[in-house]
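J.: output the structure for:
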Amino acid sequence: MSARSSLQVNERRLKPIYDSLDSGNNKQAIQLADKLLKKQKDLICARALKGLAMWRLGRHDESTVLLNELVKLAPTDESTLQAMTICFGEMSNFELIAKIYDSAVRKCPQIEEHHTHLFMAYVRIGDSKKQHQAAMALYKAFPKNPYYFWAIMSLVMQAHSSDDKNMSVKMLLPLAERMVEKFLNENKIEADAELQLYLMILDLLDKHEKALDVIQSPIGALLKFDLNSRQWKTAALFYKLRKWEHVNRCYKIILDAEPDLWDAYLRYIESMLALVDSNWISENSDAGVDCTVKSAAEFIGGKVKAELLKSAQFCRGPFLARMELMKQLRNRDEDFSVVGDVSDALCEYFTIFGAKSCCFPDVMPYLGLLDGTTIDNFHSRIYRTLQLTPDSNGLMLGSDLKQMLRHITYLRIERYQGKHSDMDAEQLIALTDDLNRRRLDGLKYGKDLLKTELQHSDQYGLLAVNILSDLWNRTRDDRYIWSMLTVLEATRRDSPAQHTVQLMLIRLYCYLGAFEPCPALYEAMEIKQIQQDTLGYCATNYVQSLGHYYSASCVYTATLKFFAVGTRESTENVLSAYKYGSFQKVREFVDFRDKLEHSLIYSKITVEKMLLDIMLEGNSDHGLEAVIRSKEIDPVRDDIDWKLLSDNRDLTIISKHDPTTPGTHPLAPTTDLTVPATDLTVPGTDHVAPGTDHVAPGTDHVAPGTDHVAPGTDHVAPGTDHV
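T.: Numbers count the residues shown, from 1 in each chain. Predicted structure coming up:
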């Protein structure tokens with residue numbers, strides 16, 4: 001019988017076992033494997049599948065013994081190797097995957113798939129040195145560009161993970177550079193990803209001039225990964241070289257093409273101010289460089305005028321850039337009157353974007369430019385732009401949905417600028433009553449919304465809760481806590497998907513020591529994936545200390561499951577990045593995986609879960625011993641490396657826009673990991689719903705190699721990456 005026909009027969013005989021495993025019928029899979037092995041004892045794949053079924057049934061010792069026997073046999077057929085790979089993956093014993101493919105490569109060096117699987121096995125365990133060796137062996141046997149660049153990227157990762165940074169800079173990265181240049185000189189560079197890897201290596205070596213020459217050479221035309229990628233790369237390199245005139249010119253070109261890119265405006269303003277500080281003067285009047293505040297103001301003003309000529313779909317970038325320029329000049333104690341009047345700029349922005357939820361967080365950094373004499377005038381000006389009509393009780397309400405949303409923005413601005421601080425208790429209580437009536441009236445605009453959508457008038461309720469928290473802060477009277485709960489529960493009833501309300505309710509109930517409603521609220525927020533790490537503390541901080549041990553066990557189990565799955569999935573992402581040549585993402589995925597593995601919440605919950613299991617299940621000497629044995633606690637291996645721990649909690653999601661200083665608010669955030677806070681946290685009204693990704697409104701482009709900065713936020717200090 002030929003090898004091909006024999007293989008087809010074996011596949012046909014193994015198919016019922018595969019079907020049983022896929023359907024979860026592991027007992028039947030074992031029975032079918034035993035039956036097949038009686039007829040064909042040398043069918044190693046059947047034994048591997050039997051070992052997999054045993055492992056899934058919890059017969060771990062038997063499965064381990066069986067698979068170890070197969071490892072010694074060093075199989076080479078792909079079906080057996082794949083079955084063993086799946087089993088070792090479920091065991092989290094990735095070293096054995098590398099071992100079986102290493103043996104297979106030694107036996108059958110002519111099979112390309114064995115080589116690639118060996119390389120990927122080393123990627124799984126993070127052995128960059130062996131990755132490089134496997135990739136070079138693969139390239140020598142099968143000379144293809146991707147394999148060669150796998151070897152180069154392995155050198156980069158070896159440098160990335162090395163503790164000896166001197167060796168990385170003087171040996172590993174220069175070797176990677178020379179390997180790429182060999183291909184470059186031989187004109188073998190074929191893809192954008194290969195050139196991107198070369199630029200990454202030059203960036204790690206701080207050879208920015210050389211990288212600039214590469215981009216501006218004919219080979220730079222390969223940079224087609226993103227819109228204007230070549231221009232962005234050029235501008236970023238000039239920025240790192242601090243060649244401010246070139247930085248200014250490049251970002252002007254970018255902004256002329258896309259006038260709503262916030263990163264570009266920040267770099268443009270920074271470069272202009274650097275040129276002012278250095279007294280740089282252009283030798284050519286047509287150089288296209290703005291080296292004075294006046295020329296920058298004219299450039300940005302031109303973008304604003306171009307937007308005002310539109311009839312709809314205005315870009316926010318130019319308007320915010322004008323205020324950002326004013327702010328930076330103010331920080332330098334310089335006169336910014338040449339740019340314009342800040343009150344006029346804010347009023348103009350409110351007039352155009354006041355009905356958008358982004359309006360308040362956008363203008364918030366610039367409200368401080370107003371002084372005491374102009375604040376009241378500014379409030380009066382924007383109030384006059386509102387179109388309000390009285391109801392039967394004389395309460396002024398928005399005439400339509402747009403006017404209601406603009407009124408909400410107006411109230412948020414008033415609060416941020418201290419309007420509520422000057423009111424007495426009676427005035428604040430009357431204001432909360434008005435806000436609740438406005439919220440109820442605004443529900444008419446959301447009758448057709450789905451339950452998963454937020455009601456337009458929710459912000460009125462959240463503002464009322466903020467004011468009630470102010471009253472609690474003044475008096476420490478717990479009746480205001482109950483009032484907050486009443487408003488929040490009413491808002492949640494009308495807007496079940498309002499995640500801000502759910503976060504606030506969890507915080508308040510935990511403050512009162514009533515954790516019973518919290519699990520349902522936590523589940524309603526649909527905390528998923530990485531949010532288990534960033535937002536999970538909202539529940540895990542309090543569940544055990546408030547005496548809900550079985551709820552704690554459920555929450556801890558769900559959180560630990562995410563970390564187990566998340567680490568595995570991030571490894572799969574690394575493999576995919578190698579497979580598809582996305583070398584820039586390899587380091588990001590590896591860093592992400594390391595951040596998960598060293599998460600502060602992960603370490604805390606792991607220990608808490610162990611102690612909780614001992615307390616709940618160790619009700620006898622035998623039970624206690626069994627629990628401790630099942631944990632496989634190794635004091636040496638399980639010792640926490642405190643220096644590597646990463647606090648990934650998102651404490652800013654529970655933010656607020658109060659004018660008070662941090663710590664004076666009754667609901668200020670707590671960073672305590674173990675004890676319920678003695679005060680509460682009222683979230684702000686402008687964060688992102690769990691399960692959604694944040695995108696800076698009005699911006700749809702991210703500079704390649706940089707993170708996007710939302711309009712209206714303070715930029716990061718020069719010389720650092722934007723976050």
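J.: is it true that residue 546 touches residue 515?
T.: Yes - between residue 546 and residue 515 there is a contact under Cβ atoms under 8 Å: 4.4 Å. Where you see a C-beta, it was placed from the backbone N, CA and C, and this is true even at glycine.
J.: could you list the low-pLDDT ranges of this protein?
T.: 1-7, 224-228, 284-286, 632-633, 635-638, 654-657, 660-723 (pLDDT under 70).
J.: what's the single longest helix in it?
T.: Scanning the chain for the longest helix, with DSSP state H as the assignment, gives helix 549-579.
J.: after that one, next one along is what?
T.: Later in the chain than helix 549-579, the nearest helix or strand by DSSP states H and E is helix 583-597.
J.: contacting residues around that following helix?
T.: Helix 583-597 has contacts (Cβ atoms under 8 Å, 6 or more residues apart in numbering) with 126, 149, 153, 156-157, 160-161, 193, 196-197, 200, 533, 563, 566-567, 570-571, 573-574, 577-578, 602, 646, 648, 705.
J.: pull out the buried residues from it.
T.: Residues 583, 584, 585, 586, 587, 589, 590, 592, 593, 594, 595, 596 are the ones in helix 583-597 that count as buried (16 or more other Cβ atoms under 10 Å).
J.: and the residues you listed as CSV, adding distance to residue 242?
T.: Below are these laid out as CSV (distance: Cβ to Cβ, whole Å):
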residue, distance to residue 242
583, 27
584, 24
585, 28
586, 29
587, 25
589, 31
590, 30
592, 31
593, 34
594, 31
595, 31
596, 36
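J.: packing partners for the helix or strand containing residue 623?
T.: Secondary-structure assignment from DSSP H and E places residue 623 in helix 621-631. Secondary structure elements in contact with helix 621-631, counted by 3 or more Cβ pairs under 8 Å, 6 or more residues apart in numbering; DSSP states H and E, are helix 600-617.
J.: in the helix it packs on, what's buried?
T.: Buried residues in helix 600-617 (16+ other Cβ under 10 Å): 600, 601, 602, 603, 604, 605, 606, 608, 609, 610, 612, 613.
J.: next one: it to chain centre, how far?
T.: On the basis of Cα atoms, centre = their mean, to the nearest Å, helix 600-617 sits 26 Å off its chain's mean C-alpha point.
J.: show me what residue 646 bridges to in the sheet.
T.: residue 599 (DSSP bridges).
J.: was I right to think it contacts residue 600?
T.: Yes - at 6.4 Å, residue 646 counts as touching residue 600 under the criterion of Cβ under 8 Å.
J.: in which helix or strand would I find the nearest residue to residue 304 once chain neighbours are set aside?
T.: Among residues not flanking residue 304 along the chain, residue 318 sits closest, at 4.7 Å (Cβ to Cβ, 6 or more residues apart in numbering). Using DSSP H and E, residue 318 sits within helix 317-331.
J.: next SSE after that helix?
T.: Next helix or strand after helix 317-331 toward the C-terminus (DSSP H and E): helix 342-353.
J.: just the C-alphas of that next one, formatted as PDB.
T.: Output of helix 342-353 as PDB, limited to C-alpha atoms (Å, rounded to 0.1, in the frame of the first residue of the first chain):
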ATOM      1  CA  VAL A 342     -10.700  83.200  24.300                       C
ATOM      2  CA  SER A 343     -14.300  84.000  25.200                       C
ATOM      3  CA  ASP A 344     -15.200  84.300  21.500                       C
ATOM      4  CA  ALA A 345     -13.400  81.100  20.700                       C
ATOM      5  CA  LEU A 346     -15.200  79.200  23.400                       C
ATOM      6  CA  CYS A 347     -18.600  80.700  22.500                       C
ATOM      7  CA  GLU A 348     -18.000  79.800  18.800                       C
ATOM      8  CA  TYR A 349     -17.200  76.200  19.800                       C
ATOM      9  CA  PHE A 350     -20.200  75.900  22.000                       C
ATOM     10  CA  THR A 351     -22.500  77.300  19.200                       C
ATOM     11  CA  ILE A 352     -21.300  74.700  16.700                       C
ATOM     12  CA  PHE A 353     -20.600  71.600  18.900                       C
END
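J.: on contacts alone, who are the packing partners of that helix?
T.: Counting by 3+ Cβ pairs under 8 Å, 6+ apart, the packing neighbours recorded for helix 342-353 are helix 317-331, helix 359-363, helix 372-384, helix 401-416.
J.: quick one: closest of the ones you listed to residue 57.
T.: When those are compared by Cβ to Cβ, helix 359-363 sits nearest residue 57, at 53.9 Å.
J.: remind me what that closest one packs against, helices and strands.
T.: Helices and strands touching helix 359-363, by 3+ Cβ pairs under 8 Å, 6+ apart, are helix 342-353, helix 401-416.
J.: now do it: distance to the chain's middle.
T.: Counting by Cα atoms, centre = their mean, helix 359-363 comes out at 22 Å from the chain centroid.
J.: hmm, back to that, what's in contact with the helix holding residue 623?
T.: Outside helix 621-631, the residues that touch it by Cβ under 8 Å, 6+ apart are 610, 613, 614, 617, 618.
J.: if we use 10 Å, what do you get?
T.: 606, 609, 610, 613, 614, 615, 616, 617, 618, 619, 620, 638 (Cβ atoms under 10 Å, 6 or more residues apart in numbering).
J.: just put the buried residues of helix 600-617 in a markdown table and tack on distance to residue 392.
T.: What follows is the buried residues of helix 600-617, written out as a markdown table (distance: Cβ to Cβ, whole Å):
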| residue | distance to residue 392 |
| --- | --- |
| 600 | 55 |
| 601 | 52 |
| 602 | 56 |
| 603 | 59 |
| 604 | 55 |
| 605 | 54 |
| 606 | 60 |
| 608 | 56 |
| 609 | 57 |
| 610 | 62 |
| 612 | 57 |
| 613 | 61 |
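J.: against residue 91, how distant is residue 250?
T.: 52 Å (Cβ to Cβ, to the nearest Å).
J.: out of those two, which sits in the more crowded spot?
T.: residue 250 (25 against 17; other Cβ atoms under 10 Å).
J.: okay, and the more buried one sits in which element?
T.: Going by DSSP H and E, residue 250 is part of helix 244-257.
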